[in-house]
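Trainee: Provided below for reference: sequence and predicted model.
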Amino acid sequence: MFSLFKNRLPQHDLLQDDWLPDNTEYQLTRSRRRKTIEIQVRPGAVRVLAPAAISQARIDHFVAAKQSWIKSRLAGFAQQPVAQEIPAIDNGSELLYLGKRYPLLILEQQESSNVNVEQGCIVLHLSHRIRRPREAAIHHLLEQWYRQQAEQYIRNRTDYWAAIMGDQPAAVSVRSYRRKWGCCNSRAELRFNWLLIMAEEEVIDYVVIHEMSHLQHMNHSPQFWQRVARFCPAYKNSKRWLQQHAFQLRW
Ligand SMILES: [Zn+2]
């Protein structure tokens, strides 16, 4: 499993999910030099610094004990006027696709509805037969298009890396996930968050390689990370990019 907001192993999947507000990034950093656990709260992000040797359960416990303090700090930030709302999507809106921003051009009253990338724009043809309210129709068509692109693109990259890494997943699909970019189950089925299609190509490759590496190691052991690094030497940059840009990759 690859967590979107949380840096934890699946077997410890307990506390934070229940009480951390949505869109809050949770980051755990362990270090050998550190002797105590420290919690830093910033707008939309909780960072936990912990000694390398301490167990995950103790960290979770410690963080959970500070729950109300963390929540009140986050709530304090939320009251500040920060542009959190996603603006309605319309002509001229900027959309992220494979790491680049494209202005949206909407052509109304068309014979049929479809979406294309043309001359540096994402062009949405809106059929005159559309039944839904205009805004809902735009949202729906774009999501459908993004999902199709994600499915096609990620399947291609998975095929590509399967040939190089020598492992074949049993199935590849894209889904909606609130808190992860991808996952791999014990039946060797890989699933990816469709929002990844908004990220840069090398970031998507990292997530593909990450999940493909779970076909050999169903954990985040040093051996697992060695395998990731073998095929994606700069994976730490991509990992950081995802942590920093998670809030932009949303729908
Ligand atoms: Zn993982």
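Mentor: Received it, and whenever you're ready, just let me know what you need.

Trainee: Would you map the strands across the stretch 51-200 of the chain?
Mentor: 94-97, 100-110, 114-118, 121-127, 171-175, 180-184, 189-193 (DSSP state E, counting those that start in this stretch).

Trainee: Pairing partners for the first one, with directions?
Mentor: Paired strands of strand 94-97, with direction, are strand 100-110 (antiparallel) (DSSP bridges).

Trainee: Please state the offset of the strand it pairs with from the chain centre?
Mentor: 25 Å (Cα atoms, centre = their mean, to the nearest Å).

Trainee: change the start of the numbering to 47 and stick with it
Mentor: From this message on, residue numbering opens at 47, which makes the last subject strand 146-156.

Trainee: coming back round to it: among the strands of the stretch 97-246 of the chain, which is nearest residue 246?
Mentor: When the strands of the stretch 97-246 of the chain are compared by Cβ to Cβ, strand 146-156 sits nearest residue 246, at 8.4 Å. The C-beta positions use only the backbone N, C-alpha and C, and glycine is treated the same way.

Trainee: Poorly predicted segments of the protein, please.
Mentor: Residue ranges of the chain with pLDDT under 70: 47-64, 126-133.

Trainee: and with 90 instead?
Mentor: By pLDDT under 90, the low-scoring segments of the chain are 47-75, 79, 81-82, 84, 86-93, 102-104, 106-134, 177-178, 223-226, 289-297.

Trainee: Could you break it into its assigned domains?
Mentor: 48-124, 180-291 (automatic domain parsing).

Trainee: May I see the ones you listed arranged in CSV, with mean neighbour count and distance to residue 148 as well?
Mentor: Below are the domains of the chain laid out as CSV (neighbours: other Cβ atoms under 10 Å; distance: least, Cβ to Cβ, whole Å):
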stretch, mean neighbour count, distance to residue 148
domain 48-124, 15, 23
domain 180-291, 17, 11
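
Trainee: still on that earlier bit, any idea which of the strands of the stretch 97-246 of the chain gets closest to residue 192?
Mentor: Per Cβ to Cβ, nearest to residue 192 of those: strand 140-143, 7.8 Å.

Trainee: contacts for that closest one?
Mentor: Strand 140-143 is contacted from outside by 135, 147-150, 163, 168, 188, 192, 195, 243-245, 294-295, using Cβ atoms under 8 Å, 6 or more residues apart in numbering.

Trainee: Looking at those residues, which one is closest to residue 259?
Mentor: For those, the nearest to residue 259 is residue 245 (18.3 Å; Cβ to Cβ).

Trainee: quick one: contacts for the closest one?
Mentor: Per Cβ under 8 Å, 6+ apart, neighbours of residue 245: 142, 144, 145, 253, 287, 288, 291, 295.

Trainee: 6 Å instead?
Mentor: Residues near residue 245 by Cβ atoms under 6 Å, 6 or more residues apart in numbering: residue 145.

Trainee: From residue 79, how far off is it?
Mentor: Distance of residue 245 to residue 79, given as Cβ to Cβ, to the nearest Å: 32 Å.

Trainee: picking up where we left off before, any chance of the domains of the chain in a markdown table, plus distance to residue 154?
Mentor: Listed next are the domains of the chain as a markdown table, based on distance: least, Cβ to Cβ, whole Å:
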| stretch | distance to residue 154 |
| --- | --- |
| domain 48-124 | 33 |
| domain 180-291 | 8 |
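
Trainee: now residue 228: how far from residue 87?
Mentor: Residue 228 sits 28 Å away from residue 87, going by Cβ to Cβ.

Trainee: Hmm, I typed the wrong one, I wanted residue 264.
Mentor: Using Cβ to Cβ, one gets 33 Å for the distance from residue 264 to residue 87.

Trainee: Once you drop chain neighbours, what's closest to residue 155?
Mentor: Once flanking residues are discounted, residue 155 sits nearest to residue 174: 4.6 Å by Cβ to Cβ, 6 or more residues apart in numbering.

Trainee: and that neighbour, backbone torsions?
Mentor: Dihedral angles phi and psi of residue 174 (degrees, to the nearest 10) take the values phi -70, psi -10.
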